[in-house]
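>>> Here's a sequence, model it:
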Amino acid sequence: MENEKQELIDNARNLLEQVNNYRHQAAAIDEKVENRSENYVPLDNLPYGEELIRTKDFPEQLEEVINTLDNCSTSKEALKDAQELIEYVEETLSECTDLPSSNDDEF
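Predicted coordinates:
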């Protein structure tokens with residue numbers, strides 16, 4: 001069970017890094033779009049507006065799972081909950097619009 005716990009912690013930390021990176025880049029792109037407009041830009045017109053809304057709670061949720069598991073919680077329920085959250089975040093992130101390559105000045 002300790003190996004499973006450590007694997008979940010590692011997966012959650014890696015996923016947290018991915019989510020934070022995605023959100024940071026997506027927010028920067030949306031900000032560029034907003035700055036180009038003199039008027040209010042509706043959420044639907046932002047390239048990553050919906051994605052930022054869908055993923056806004058993920059960093060906090062992943063940190064909570066990491067902390068729960070780090071604090072010696074090895075109950076089957078805690079491990080199951082952690083695995084379900086990780087799978088949900090991975091699935092949601094995979095459905096989000098891909099970020100442009102770093103060389104892409106599309107926005």
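>>> separation between the closest residue to Met1 other than its chain neighbours and Glu2?
For Met1, ignoring the flanking residues on the chain, the nearest one in space by Cβ to Cβ, 6 or more residues apart in numbering is Thr74 at 5.2 Å. Placement of C-beta: from N, CA and C, glycine included. To Glu2, Thr74 is 7 Å away according to Cβ to Cβ, to the nearest Å.
>>> More neighbours: which of those two?
For Thr74 versus Glu2, the count of surrounding residues by other Cβ atoms under 10 Å is larger for Thr74: 11 against 7.
>>> For the protein, which segments count as helices?
Along the chain, counting by DSSP state H, helices occupy 2-36, 49-54, 58-70, 76-95.
>>> Same list (those helices) but as TSV, adding mean pLDDT.
Listed next are the helices of the chain as TSV, based on pLDDT from 0 to 100:
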stretch	mean pLDDT
helix 2-36	95
helix 49-54	96
helix 58-70	94
helix 76-95	94
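>>> Between these, which one is closest to Pro42.
Of all the helices of the chain, helix 49-54 sits nearest to Pro42, with 8.0 Å by Cβ to Cβ.
>>> In this protein, which residue is most central in space?
Centroid-nearest residue in the chain, with Cα atoms, centre = their mean: Val19, separated by 2.8 Å.
>>> Quick check: that residue vs Tyr88, distance?
Distance, Val19 to Tyr88, by Cβ to Cβ: 12 Å.
>>> go on, Val65?
Distance from Val65 to Tyr88, by Cβ to Cβ: 11 Å.
>>> and if you look at Asn3?
Using Cβ to Cβ, one gets 22 Å for the distance from Asn3 to Tyr88.
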